[in-house]
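A.B. asks: Mind looking at a prediction? Sequence and model below.
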Amino acid sequence: MKRSYTCLLLTLLLGFACSRPPQGALPAETAPLISPDYSGVTIPCNIAPLNFRIEEHGSSFRCVVSGDAGVPFSVSGRDVRLPEKKWKALLEANRGGEIRFEVFVKRDGIWHAFAPVSNRVAEEPVDGYLTYRLIEPTYGMAGRMSIVQRELSSFREKEVFNNQLDYDRSAGQCINCHSFQNWHTSRMQFHVRQKDGGTIIARDGDIRKLNLKAEGFLSAGVYPSWHPTEDLLAYSLNSTKQYFYAKGVDKTEVIDAASDIMLYDPETNKATLIAADSLQYETFPYWAPDGKSLYYCVADVSGIPGRSEIRFGVHYDELHYNLMQVPFNPDDRSFGEPGTVFDAAASGQSATFPRESPDGRYLLFTLASFGQFHIWHRDADLWLADLSSGEVRPLAEVNSDSSESYHSWSSNGRWIVFSSRRDDDTHTRFYLAYFDPEGNARKPFLLPQRDPGRYARQYQSYNIPEFTVEPVTISPKRFLKTVRQPAVIAER
């Protein structure tokens, strides 16, 4: 017993000694320059270590990590890689409080102490997993791409599916639009385009490959949304075109030459059109969390002359989408009359990606000056509508001078994740932000990586971030077996 007590005391003393700052360090009033910028942010109590690089000039570097409670620790080196066990223990001890990064840099033999960097630790955790697609930022080639699942409390990643498993250079293969039902993975879907094309739908252990282009439909299903409780999916049907321009800031434009919305029942394999007005383009369906209404986006194209593909290439900046909502009765699966939620076109704007918060209080969407594929629009920002008061405002707390596009809510409604090109205007990265009960967001932070320099060396973009509370359990090999099967055609 005495020996155990002595070992414990020695361990604690060594720990405290290692966490001490360098003696005689000269104080500085400014905060250190670190990359990524993990300063003044609110973070989940279960997030992976916020590893960063000290960008100050110097010969030696040290960072002391501490809070008002728990055991502090220090890390040496320009790249600050925080030990996961110590980090998790410190987060838990300071839940609802703050943690601090104290950076020390040695220059010409003298240590300099920078002002501490403080971050708040939220009481509320973030969902355990984030699933997304990694894709090369090219325009016309379906190169290497994968659907990846990341455990947010660590740096563990695993591939859900990789197109290299079934790749043919002469044919190419795109995989996209993964979607889950109500933040769970027992029901999920993704599309395969080109080689072995079809929609892969997994339902409670059963996996099928579907051709969702029912007879007479505009296209197969494109942008999906699972109903939160019913075994139903809503899809947009899109005739998508891509244009390239020599003038202007935005050189690429993705345009629909036509689009509709359908309801699909995987149990009966029946597809039914929900919205298919030839003078309106309907896209991006999304179920409300209570399952009693469906959001979607609509552009009135009756005023565009000719409405031909060539005309849309010329008049692309005249496409303005409004946010719509149509009531839905889960008992008899009937729809009511649609109504406008936000009239963006009235002010010459265009709104897309409606996402209602889990508590039904807020609607998050993207707004830009025109069009619907906002990932290519530098003026695209996140906006927030208060569904009780009717107030609509830009979510300035998280926006940047570059494009903010696809976004998702965590299951508890306290976290949002969104795609942004603020780092280099070329690659999309994921930023997370705390969202408080009063409808205010905190400063967003970049999804942390084990290697703080990974983003600078990785030439793939991250897109379509979706939170889930559990991991995907189906193996890539099992998905591959389904991908190689013939697709079953949906019926009307």
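C.D. replies: Yep, that arrived.

A.B. asks: The closest residue to residue 459 other than its chain neighbours and residue 151: what is the separation?
C.D. replies: The shortest distance from residue 459 to any non-neighbouring residue, by CB to CB, 6 or more residues apart in numbering, is to residue 136 (6.8 Å). (Glycine included, C-beta is placed from N, CA and C.) Using CB to CB, to the nearest Å, residue 136 is found at 24 Å from residue 151.

A.B. asks: wait, what's in contact with the residue nearest to residue 459?
C.D. replies: Going by CB atoms under 8 Å, 6 or more residues apart in numbering, residue 136 touches 143-145, 459-461.

A.B. asks: what do you get for residue 204?
C.D. replies: Residue 204 touches 186-187, counting by CB under 8 Å, 6+ apart.

A.B. asks: For stretch 426-443, list every residue counted as buried.
C.D. replies: With burial defined by 16 or more other CB atoms under 10 Å, the residues of stretch 426-443 counted as buried are 427-435, 439, 441-443.

A.B. asks: Which members of those occur in strands, if any?
C.D. replies: 429-434 (DSSP state E).

A.B. asks: Can you convert these into TSV and add a column each for pLDDT and distance to residue 413?
C.D. replies: Formatted as TSV, these follow (pLDDT from 0 to 100; distance: CB to CB, whole Å):
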residue	pLDDT	distance to residue 413
429	95	23
430	97	18
431	98	17
432	98	14
433	98	12
434	98	11
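
A.B. asks: Is it possible to get JSON lines of these that adds distance to residue 202?
C.D. replies: Formatted as JSON lines, these follow (distance: CB to CB, whole Å):
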{"residue": "429", "distance to residue 202": "28"}
{"residue": "430", "distance to residue 202": "24"}
{"residue": "431", "distance to residue 202": "29"}
{"residue": "432", "distance to residue 202": "27"}
{"residue": "433", "distance to residue 202": "30"}
{"residue": "434", "distance to residue 202": "32"}
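
A.B. asks: and of the residues you listed, the nearest to residue 376?
C.D. replies: Nearest to residue 376 among those, counting by CB to CB, is residue 429 at 15.7 Å.

A.B. asks: Can you tell me how far that closest one is from residue 35?
C.D. replies: 13 Å.

A.B. asks: returning to what we had before: tell me the confidence at the residue nearest to residue 459?
C.D. replies: Looking at residue 136, its pLDDT stands at 83.

A.B. asks: cool, and residue 63?
C.D. replies: Reported pLDDT for residue 63: 98.

A.B. asks: Run through the neighbouring helices and strands of the strand or helix carrying it.
C.D. replies: Applying DSSP states H and E as the criterion places residue 63 in strand 60-67. Helices and strands touching strand 60-67, by 3 or more CB pairs under 8 Å, 6 or more residues apart in numbering; DSSP states H and E, are strand 73-76, helix 84-93, strand 98-107.

A.B. asks: most tightly surrounded among those?
C.D. replies: strand 98-107 (a mean of 20; mean count of other CB atoms under 10 Å).

A.B. asks: What is that strand packed up against?
C.D. replies: By 3+ CB pairs under 8 Å, 6+ apart, strand 98-107 packs against strand 60-67, strand 110-113, strand 117-121.

A.B. asks: Adjacent strands (with direction) for that strand?
C.D. replies: strand 60-67 (antiparallel), strand 110-113 (antiparallel), strand 117-121 (antiparallel) (DSSP bridges).

A.B. asks: Could you list the buried residues of the first one?
C.D. replies: Translated: strand 60-67. Within strand 60-67, the residues that qualify as buried are 61-67, counting by 16+ other CB under 10 Å.

A.B. asks: same check, this time on the last one
C.D. replies: In terms of neighbour count (16+ other CB under 10 Å), strand 117-121 has its buried residues at 117, 119-121.

A.B. asks: tell me the contacts of residue 187?
C.D. replies: Contacts of residue 187 by CB under 8 Å, 6+ apart are 180-181, 202-204, 226, 231.

A.B. asks: go with 6 Å
C.D. replies: 181, 203 (CB atoms under 6 Å, 6 or more residues apart in numbering).

A.B. asks: That one pairs with what?
C.D. replies: residue 203.

A.B. asks: what's the distance between it and residue 180?
C.D. replies: 7 Å.

A.B. asks: picking up where we left off before, just the buried members of the contacts of residue 136?
C.D. replies: For the contacts of residue 136, buried by 16+ other CB under 10 Å: 145, 460-461.

A.B. asks: any chance of those residues in TSV, plus pLDDT and distance to residue 344?
C.D. replies: Converted to TSV, the buried ones among the contacts of residue 136 look like this (pLDDT from 0 to 100; distance: CB to CB, whole Å):
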residue	pLDDT	distance to residue 344
145	90	31
460	90	31
461	92	26
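
A.B. asks: Dump the longest strand anywhere in the chain to CSV, keeping only the CA atoms.
C.D. replies: Assignment by DSSP E gives strand 252-265 as the longest strand of the chain. Only the C-alpha atoms of strand 252-265 are listed here, as CSV (Å, rounded to 0.1, in the frame of the first residue of the first chain):
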residue,chain,number,x,y,z
THR,A,252,-18.5,27.4,-63.0
GLU,A,253,-22.3,27.2,-62.8
VAL,A,254,-24.4,24.1,-62.2
ILE,A,255,-28.0,24.6,-63.5
ASP,A,256,-31.1,22.5,-63.7
ALA,A,257,-32.8,22.6,-67.1
ALA,A,258,-35.8,20.9,-65.4
SER,A,259,-36.6,19.4,-62.0
ASP,A,260,-39.4,17.7,-60.1
ILE,A,261,-40.0,16.0,-56.7
MET,A,262,-41.2,12.5,-56.0
LEU,A,263,-42.1,10.2,-53.1
TYR,A,264,-40.6,6.7,-53.0
ASP,A,265,-41.8,3.8,-50.9
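
A.B. asks: Quick one: list the elements packing against that strand.
C.D. replies: Applying 3 or more CB pairs under 6 Å, 6 or more residues apart in numbering; DSSP states H and E, one finds that strand 252-265 makes contact with strand 233-244, strand 270-275, strand 280-287, helix 309-314.

A.B. asks: What are the contacting residues of the second one?
C.D. replies: I take that to be strand 270-275. Residues contacting strand 270-275 (CB under 6 Å, 6+ apart): 214, 261-264, 282, 490-491.

A.B. asks: Closest one to residue 171 out of those residues, please.
C.D. replies: Nearest to residue 171 among those, with distances taken as CB to CB, is residue 490, at 23.3 Å.

A.B. asks: what's the spacing between that closest one and residue 176?
C.D. replies: 18 Å.

A.B. asks: the more surrounded of the two?
C.D. replies: residue 490 (24 against 18; other CB atoms under 10 Å).

A.B. asks: Could you pull out the strands in the stretch 301-450 of the chain for me?
C.D. replies: 321-329, 334-335, 339-342, 350-356, 362-368, 381-386, 392-394, 404-409, 415-420, 429-434, 445-446 (DSSP state E, counting those that start in this stretch).

A.B. asks: With distance to residue 287 as extra columns, can I get those in a markdown table?
C.D. replies: Formatted as a markdown table, these follow (distance: least, CB to CB, whole Å):
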| stretch | distance to residue 287 |
| --- | --- |
| strand 321-329 | 8 |
| strand 334-335 | 12 |
| strand 339-342 | 14 |
| strand 350-356 | 9 |
| strand 362-368 | 13 |
| strand 381-386 | 17 |
| strand 392-394 | 21 |
| strand 404-409 | 13 |
| strand 415-420 | 18 |
| strand 429-434 | 23 |
| strand 445-446 | 29 |
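
A.B. asks: what's the burial count for residue 394?
C.D. replies: Residue 394 has 12 nearby residues by other CB under 10 Å.
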